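J.: My questions are about this predicted structure, shown below with the sequence.
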Amino acid sequence: MSEFLRDYLTVVWFGATALAVGGLLLGLAALVRPSNPNPDKLVAYESGVDPVGDGWSQSQIRYYVFALLFVIFDVEAVFLFPWAASIERYGTFGLVAMLIFIVLLLDGLIYAWKRGLLRWV
């Protein structure tokens with residue numbers, strides 16, 4: 001067996017061991033835990049207040065869009081830190097590339113703002 005395939009075999013063994021240990025622990029927990037079914041346990045919990053209405057409700061799409069925009073801009077902002085930490089190494093090319101990146105981010109932000117996606121209510 002080649003060294004290349006032996007490295008992959010090591011990864012497979014570690015993955016199989018992780019799955020086996022995880023399955024073993026979940027199976028052991030299922031055997032050991034107490035089982036006391038009760039209809040009150042199936043009621044939705046609302047911070048100590050008696051639940052009102054149905055437990056299943058549909059969220060409005062604007063919350064999803066707002067969260068998605070936050071994740072996009074938050075993740076993209078993470079790319080600024082490595083660039084700022086090694087700005088001397090990248091020089092002018094790095095500065096121009098980062099300015100293009102920031103302009104694209106601002107373009108997306110302005111687009112979302114004009115569409116009214118940043119309003120919470």
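T.: Perfect, I can see it now. Residues are numbered from 1 along each chain as shown.
J.: buried sites along stretch 107-115?
T.: A112 (16 or more other C-beta atoms under 10 Å). No exception for glycine: its C-beta is placed from N, CA and C like everyone else's.
J.: Can you tell me what sits against that stretch?
T.: Residues from elsewhere that reach stretch 107-115, judged by C-beta atoms under 8 Å, 6 or more residues apart in numbering: 69, 72-73, 118.
J.: moving C-terminal of the longest helix anywhere in the chain, what's the next helix or strand?
T.: Longest helix in the chain by number of residues (criterion: DSSP state H): helix 3-32. The C-terminal neighbour of helix 3-32 among helices and strands, as given by DSSP states H and E, is helix 61-78.
J.: CA-only coordinates of that next one in PDB, if you can.
T.: Output in PDB follows, covering the C-alpha atoms of helix 61-78 (Å, rounded to 0.1, in the frame of the first residue of the first chain):
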ATOM      1  CA  ILE A  61     -39.400  36.000   6.000                       C
ATOM      2  CA  ARG A  62     -38.000  39.400   6.900                       C
ATOM      3  CA  TYR A  63     -36.300  38.000  10.000                       C
ATOM      4  CA  TYR A  64     -34.700  35.300   7.900                       C
ATOM      5  CA  VAL A  65     -33.500  37.900   5.400                       C
ATOM      6  CA  PHE A  66     -32.200  40.100   8.100                       C
ATOM      7  CA  ALA A  67     -30.300  37.300   9.800                       C
ATOM      8  CA  LEU A  68     -28.900  36.200   6.400                       C
ATOM      9  CA  LEU A  69     -27.700  39.700   5.700                       C
ATOM     10  CA  PHE A  70     -26.000  39.800   9.100                       C
ATOM     11  CA  VAL A  71     -24.200  36.500   8.500                       C
ATOM     12  CA  ILE A  72     -23.100  37.600   5.000                       C
ATOM     13  CA  PHE A  73     -21.600  40.900   6.200                       C
ATOM     14  CA  ASP A  74     -20.300  39.400   9.400                       C
ATOM     15  CA  VAL A  75     -18.400  36.600   7.600                       C
ATOM     16  CA  GLU A  76     -17.200  39.000   4.900                       C
ATOM     17  CA  ALA A  77     -15.900  41.400   7.600                       C
ATOM     18  CA  VAL A  78     -13.800  38.600   9.000                       C
END
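J.: Thanks a lot, catch you later.
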